[in-house]
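> okay, here's the prediction I keep looking at, along with the sequence it came from:
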Amino acid sequence: MLPLPLNHRGLRFAPVRTGVAVAFVTTHPHLRCKPCGWSRTTGAKHTGKRSESGSTKKTRTGCSAVCSERRRTLATETFSNREGSGGRRVRRDRGSFQVSERDQELLVLVSEQYALTLDQLARIIGRTHRTARGLRDRWCNAGWTASAKLAVNLQPFVWLTSRGSRVAQSPFRTWEPNHGLAAHIEAVTNVRLLLERELRLGTWECERAIAQDFHSRSEVRPHLPDAVLVREHERIAIEVELSLKSRARLDGIVRDLGEAYEQVWYFATARLVPTLQEVASLARWQNVAVHRYPPLTAGLLADVLRQPDADPQ
């Protein structure tokens, strides 16, 4: 009998006759299925004896199922620890979000101002609008914030969710979006960024913190300013007016704020400035200054530097 032919790897192949054609299968012993012990050539367990034709089909079927399951399990375990075609290992903390010091500081600021626009967030972090949008997306994916466009002519807003309030350890209630207040919230935040961060004129006290001093809503209280700027020895009430109120309402607000604070700074749109200046000139306490919104940085700083301390008359 002639020896079996060799392939390019030096393995011998034996002919196996089937119902259709002749197939060559390897007889090399180490290519048998080691995990389950079944031979890939005959489908029988390698015992040196030839299996019977009746049990060969069942044996081959069982071996194929076992081997396929093992290969599938191995592939699953392998690719579960890989990412993409580059073969990079997946981080163990994938899917979790770490809170940095910058996140904590910014989330607290969002809670104090009710909400921030993307433009304001970019100004605060000193980066581009694209970077601010990426930071916003990260917060939203973590479930800390929600974002939407609350006004047609304004950038999308970002505000805290209940989970974000817990992360920021905010003492304030979770804010529900209010489309009617969006423009006013954006304006108050712009004034804060100018006075506190750019001009560094004092420390900002937000309206939500001021309101906490009044424990009950039923308690009779004077008008609360939009914020208070705390300087060395004085507290300055900050008011932002974008829409005209009645004359009686303006008189009451100016009277309450003028009595409670050393100074009152109004920031109003150009069409409201003449009315507010007239009300301020008739006030009992001559400590009300009216500035145009949006304010001119250089002009505002010059007004503050040359303005003497107001004393009650």
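The structure has been received and is ready for your questions. Computed from a predicted structure; not experimentally measured.
> only C-alpha atoms from now on, for both contacts and neighbour counts.
OK.
> separation between Arg168 and Val230?
Check again: residue 168 is Ala, not Arg. Distance, Ala168 to Val230, by CA to CA, to the nearest Å: 23 Å.
> which one of those two is surrounded by more residues?
Ala168 (21 against 16; other CA atoms under 10 Å).
> contact partners for that one?
Gln104, Glu105, Leu107, Val108 (CA atoms under 8 Å, 6 or more residues apart in numbering).
> at 7 Å instead, please
Gln104, Leu107, Val108 (CA atoms under 7 Å, 6 or more residues apart in numbering).
> skipping adjacent residues, who's closest to the last one in space?
Okay, so that is Val108. Ala168 (5.6 Å; CA to CA, 6 or more residues apart in numbering).
> need the per-residue pLDDT for that neighbour.
We have a pLDDT of 95 for Ala168.
> show me where the stretch 151-300 of the chain has its strands.
157-160, 203-206, 227-230, 235-241, 263-268, 288-292 (DSSP state E, counting those that start in this stretch).
> report the angle between the axes of the longest one and strand 263-268?
Same thing as strand 235-241. 20 degrees (axes from the mean of the first three to the mean of the last three CA atoms, to 10 degrees).
> output the below-cut-off pLDDT ranges for the stretch 201-313 of the chain.
215-220, 298-313 (pLDDT under 70).
> give me that answer again for 50
Where the stretch 201-313 of the chain drops to pLDDT under 50, the residues are 310-313.
> can you give me the helices for it?
With DSSP state H, counting those that start in this stretch, the ranges of helices along the stretch 201-313 of the chain come out as 207-211, 247-260, 273-281, 297-306.
> nearest to Arg88, out of those helices?
For the helices of the stretch 201-313 of the chain, distance to Arg88 was read as CA to CA. The smallest value, 47.3 Å, belongs to helix 207-211.
> neighbours of Arg249, how many?
Residues near Arg249, counting by other CA under 10 Å: 11.
> ah, wrong one, I meant Leu109
18.
> backbone dihedrals for it, please?
Dihedral angles of Leu109 (phi, psi; degrees, to the nearest 10) stand at phi -60, psi -40.
> quick one: mean pLDDT for stretch 149-160?
95.
> thinking again about what came up before, name the stretch among the strands of the stretch 151-300 of the chain that sits most buried.
With neighbours taken as mean count of other CA atoms under 10 Å, the strands of the stretch 151-300 of the chain reach their highest mean count in strand 157-160, at a mean of 26.
> list the helices and strands that strand packs on?
For strand 157-160, the contact count by 3 or more CA pairs under 7 Å, 6 or more residues apart in numbering; DSSP states H and E identifies strand 116-117, strand 145-148 as packing neighbours.
> and for the longest one, what are the contacting residues?
The one in question is strand 145-148. Contacts for strand 145-148 (CA under 7 Å, 6+ apart): Trp139, Cys140, Pro156, Phe157, Val158, Trp159, Leu160, Thr161, Gly164.
> nearest spatial neighbour of the last one, skipping sequence neighbours?
With sequence-adjacent residues excluded and distances taken as CA to CA, 6+ apart, Gly164 is closest to Trp144, at 3.7 Å.
> and what of the fourth one?
By the measure of CA to CA, 6+ apart, the closest residue to Phe157 outside its immediate chain neighbours is Thr117, 4.3 Å from it.
> how near is the closest residue in space to Ala289 that isn't next to it in sequence to Gln98?
Excluding its sequence neighbours, the residue lying closest to Ala289 (CA to CA, 6+ apart) is Trp265, at 5.0 Å. Counting by CA to CA, the gap from Trp265 to Gln98 is 40 Å.
> just His179 next, same as before
31 Å.
> more neighbours, these two?
Legend: neighbour count by other CA under 10 Å for His179 and Gln98, higher for His179 (12 against 8).
> nearest residue to the more buried one other than its sequence neighbours?
Closest to His179 by CA to CA, 6+ apart is Leu150, at 5.2 Å.
> does that neighbour lie in a helix or a strand, and which?
Under DSSP states H and E, no helix or strand contains Leu150.
> show me the shaky parts of the stretch 51-200 of the chain.
Across the stretch 51-200 of the chain (using pLDDT under 50), the flagged ranges come out as 51-53, 55-59, 74-81.
> same thing but at 90, please
51-98, 199 (pLDDT under 90).
> that one: helices as residue ranges?
Going by DSSP H, counting those that start in this stretch, the stretch 51-200 of the chain shows helices at 53-80, 101-112, 118-125, 129-142, 162-168, 182-192.
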